[in-house]
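Colleague: Structure here, sequence nowhere to be found:
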């Protein structure tokens, strides 16, 4: 476990002065009484304030758009995506039942653990350290924010459309990346497995490519894909 925690801290870009806080942040309630629920409560507030500050520093936008983007960035799905990118599941301490049922890949557990990590960093290194961690992890997503764009982007509209049909959320997969690190392009696939539908998108960022793929999927559904 120690090697995994060292590797995780390297990915986070933050080393804990008190490793016990890190271990607690990664401990699900199914594992024992000393778990990450209280740290999650703290981390939720830390994340909200840090994201609000980071968005406020972007070019001027209305309060409504800032609120929309904050909600989008702190929602469970976004947190779970970040946790997967960090391979957080490999370091979680879960009870046997949660392990057998795939808890290490469950969005709610991953999102809660990442929030708990933000709370743990606050206690370990203060708000500035927690804010810097949030800024590092959200750097690409913050670059992709378009404060002048429609409040409901293609990914959101697609998710709402599928939910209205009682279908699961779509899955996005990066198929390929092209070009040098400073000017990469991404090819992404959007899949609605229950309908057997796939669409593709490309862009200068993964999020941008996902938006294109989502828009293409909306087009497929609008053209009469089965409900």
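Modeller: Cool, the structure landed. The model shown is predicted, which means the values in this text are computed figures rather than measured ones.
Colleague: Please give the element, helix or strand, for residue 189.
Modeller: Secondary structure from DSSP states H and E places residue 189 in strand 185-192.
Colleague: List the buried residues for that strand?
Modeller: Buried residues in strand 185-192, counted by 16 or more other Cβ atoms under 10 Å: 186, 187, 188, 189, 190, 191, 192. Backbone N, C-alpha and C define where each C-beta goes, glycine included.
Colleague: cool, stretch 131-141 as well?
Modeller: Neighbour counts over stretch 131-141 (16+ other Cβ under 10 Å) mark 131, 133, 134, 137, 138, 141 as buried.
Colleague: Quick check: the gap between the second one and residue 82.
Modeller: For residue 133, the distance to residue 82 (Cβ to Cβ, to the nearest Å) stands at 11 Å.
Colleague: The fourth one now?
Modeller: In this structure, residue 137 and residue 82 are 5 Å apart, going by Cβ to Cβ.
Colleague: now the buried residues of strand 185-192 in TSV, with distance to residue 176?
Modeller: Listed next are these as TSV, based on distance: Cβ to Cβ, whole Å:
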residue	distance to residue 176
186	8
187	4
188	9
189	10
190	15
191	16
192	21
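Colleague: export those residues to a markdown table and tack on distance to residue 203 and pLDDT?
Modeller: Converted to a markdown table, the buried residues of strand 185-192 look like this (distance: Cβ to Cβ, whole Å; pLDDT from 0 to 100):
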| residue | distance to residue 203 | pLDDT |
| --- | --- | --- |
| 186 | 6 | 91 |
| 187 | 9 | 94 |
| 188 | 8 | 96 |
| 189 | 13 | 97 |
| 190 | 13 | 96 |
| 191 | 17 | 96 |
| 192 | 20 | 94 |
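Colleague: quick revisit: can you lay out the buried residues of stretch 131-141 as a markdown table showing pLDDT and distance to residue 181?
Modeller: Shown next, in a markdown table, are the buried residues of stretch 131-141 (pLDDT from 0 to 100; distance: Cβ to Cβ, whole Å):
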| residue | pLDDT | distance to residue 181 |
| --- | --- | --- |
| 131 | 97 | 26 |
| 133 | 97 | 22 |
| 134 | 97 | 23 |
| 137 | 96 | 18 |
| 138 | 95 | 19 |
| 141 | 89 | 18 |
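Colleague: now, which of those lie within helices?
Modeller: Assigned to helices by DSSP state H, the following of the buried residues of stretch 131-141 qualify: 131, 133, 134, 137, 141.
Colleague: Tell me which residues touch the second one, please.
Modeller: By Cβ atoms under 8 Å, 6 or more residues apart in numbering, residue 133 lies in contact with 12, 13, 14, 117, 118, 121.
Colleague: Confirm for me that the fourth one is in contact with residue 9.
Modeller: No. Counting by Cβ atoms under 8 Å, no contact exists between residue 117 and residue 9, whose distance comes to 10.3 Å.
Colleague: so how far is the helix or strand residue 210 falls within from its chain's centroid?
Modeller: Per DSSP H and E, residue 210 falls inside helix 206-222. Put simply, helix 206-222 sits 18 Å off its chain's centre (Cα atoms, centre = their mean, to the nearest Å).
Colleague: Going by contacts, tell me the helices and strands next to it.
Modeller: Applying 3 or more Cβ pairs under 8 Å, 6 or more residues apart in numbering; DSSP states H and E, one finds that helix 206-222 contacts helix 139-144, helix 154-164, strand 171-178, strand 185-192, strand 197-203.
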